[in-house]
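Trainee: pasting the structure only:
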């Protein structure tokens, strides 16, 4: 692991848990995935004061249609101006080809969902970069029998395989904030131990290069053969299938 990101999903209202999340992550760059249709003005102003990259998380947090993407983008522009990162987090990590094509047409730069292949995937022949997550932190913490030790083992085993190791959390689902603080402390210590650092999506976009022309052609051919029906696919399946064609790393790495 050279870099990792911590993405907090379903951000829309300012409450005690959101404040506690940022307090626990003090000194750590984070990514805030915002639900545009539910975003309050108070929450938007608070996010502007935090060390976090704000990105779009659907529009209504349901199976959004392509036209909903533009509506959500309009809200993001109105609330954050040029201060948000043009990256998209699909609700429930569900993607299909029309959505990816719409995102590219709207000028989005990246998509962050789940994947079990390369941490950086070239999406549907477009210039969208994939920034998949590898671990659901609140899910792991809330599992019966889970502990800091099990999380430590998972991170130490899996993070070296990826140039960018993505972690997702939902601050409202964290049951034990003190335990979360200890996990964040471990992540900071582990990153220092292995020479990694936390980045936001803005930093990731600066670090990552685009694939070659040949890789683009292979992606388009794969899409033509396998996804001509434009049916919905889970992002693990979709990104996993095309990831082998597009393995990217930090520039100069």
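Mentor: Here it is on my side, so go on. Remember, predicted model here, so these are calculated numbers, not experimental data.
Trainee: neighbours around residue 91, how many?
Mentor: 18 (other CB atoms under 10 Å). Just so you know, the C-beta spots here come from the backbone N, C-alpha and C atoms, and that holds for glycine as well.
Trainee: in space, what's closest to it - neighbours in sequence excluded?
Mentor: If the residues on either side of it in the chain are set aside, residue 91 comes closest to residue 58, at 4.1 Å by CB to CB, 6 or more residues apart in numbering.
Trainee: isn't that neighbour up against residue 94?
Mentor: No. Counting by CB atoms under 8 Å, residue 58 sits too far from residue 94 to count as a contact (9.7 Å).
Trainee: looking at these two, which one has more neighbours?
Mentor: Taking neighbours as other CB under 10 Å, residue 58 and residue 94 compare with residue 58 leading, 25 against 17.
Trainee: and the gap between the residue nearest to residue 91 and residue 189?
Mentor: For residue 58, the distance to residue 189 equals 34 Å [CB to CB, to the nearest Å].
Trainee: again, but for residue 82
Mentor: On the measure of CB to CB, residue 82 and residue 189 end up 35 Å apart.
Trainee: residue 114 now?
Mentor: 26 Å.
Trainee: could you pull out the helices in the stretch 151-253 of the chain for me?
Mentor: For the stretch 151-253 of the chain, applying DSSP state H, counting those that start in this stretch gives helices covering 177-194, 201-207, 213-226, 235-243.
Trainee: mind listing what's buried in stretch 149-167?
Mentor: 151, 155, 159, 162, 163, 164, 165, 166, 167 (16 or more other CB atoms under 10 Å).
Trainee: is it true that the first one touches residue 186?
Mentor: It stands for residue 151. Yes. Using CB under 8 Å, residue 151 makes contact with residue 186 at a distance of 7.3 Å.
Trainee: poorly predicted segments of the stretch 1-150 of the chain, please.
Mentor: Applying pLDDT under 70 to the stretch 1-150 of the chain flags the ranges 1, 115-126, 144-146.
Trainee: tell me where it has strands.
Mentor: Counting by DSSP state E, counting those that start in this stretch, one finds strands in the stretch 1-150 of the chain at the ranges 3-11, 30-34, 52-56, 87-88, 94-95, 110-111, 129-130, 135-136.
Trainee: output these as JSON lines; include the columns distance to residue 195.
Mentor: Shown next, in JSON lines, are the strands of the stretch 1-150 of the chain (distance: least, CB to CB, whole Å):
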{"stretch": "strand 3-11", "distance to residue 195": "10"}
{"stretch": "strand 30-34", "distance to residue 195": "20"}
{"stretch": "strand 52-56", "distance to residue 195": "22"}
{"stretch": "strand 87-88", "distance to residue 195": "25"}
{"stretch": "strand 94-95", "distance to residue 195": "33"}
{"stretch": "strand 110-111", "distance to residue 195": "24"}
{"stretch": "strand 129-130", "distance to residue 195": "23"}
{"stretch": "strand 135-136", "distance to residue 195": "20"}
